[in-house]
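Chemist: Generate a structure from the sequence data that follows.
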Amino acid sequence: MGQAMTSRPPISPFNSSIETGIRSLTILVAGYPNSFDLERLIEMDYLVVHSGDADGPSSLHVSLPMREGQLLVRRELIEKGLLLMMSRNLVQRTPDKKGFNYLAGETASPFLKSLASPYSQKLKERASWVIDNFADVPTVSIRKTTRKLFKNWSEQFQVTDKLGDIR
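Modeler: Numbering: from 1, shown residues only. Reported below is the predicted structural model:
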């Protein structure tokens, strides 16, 4: 008789190092030659994914209630994604007075041009929109924008919950 096969959990690309790494890379290419620190990339990543919430193009991912917790887990995911992109020489980490900044590497733009799926095209459009609208905005102001979006979302779902309680 043959050996029993061990089952592995399915690998999901959603919120994986590859997905968050490519999103960060796309932001860095759109913002080149500017570099951004991790905090800025976290906020910009959120805006790329949920651009429709910030009066931009339709959101890249489906809008889910109570997304505030996403920023808490997003940091580690984006760090892992950046490390993956750095290991492939697509992203460079440069020292700064306050820590490190990240910059698109020499091969980043050609790599992204090779990605032609509809999702990749939408990602590039939203990254360009984020850079056009937020590149010159201080991170503190961007953070206020994302927190305001969370508050609006929370209030919308609380009203829905309250209406559900009436029935």
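Chemist: Helices of this protein, residue ranges please.
Modeler: 17-31, 38-49, 70-87, 108-113, 118-134, 139-166 (DSSP state H).
Chemist: Quick one: those helices as CSV, columns for mean pLDDT and mean neighbour count too.
Modeler: Any C-beta I mention is one placed from the backbone N, CA and C, and that applies to glycine too. Formatted as CSV, the entries for the helices of the chain read as follows, by pLDDT from 0 to 100; neighbours: other Cβ atoms under 10 Å:
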stretch, mean pLDDT, mean neighbour count
helix 17-31, 97, 23
helix 38-49, 93, 23
helix 70-87, 88, 17
helix 108-113, 98, 16
helix 118-134, 97, 18
helix 139-166, 63, 13
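Chemist: check contacts around the most centrally placed residue in the chain.
Modeler: Taking Cα atoms, centre = their mean, the centroid of the chain lies closest to Asp45, which sits 2.7 Å from it. Residues in contact with Asp45 (Cβ atoms under 8 Å, 6 or more residues apart in numbering) are 20, 23-24, 27, 74, 78.
Chemist: One more: Val140?
Modeler: Val140 makes no contacts at all, as judged by Cβ under 8 Å, 6+ apart.
Chemist: swap in Leu83?
Modeler: Leu83 neighbours (Cβ under 8 Å, 6+ apart): 17, 21.
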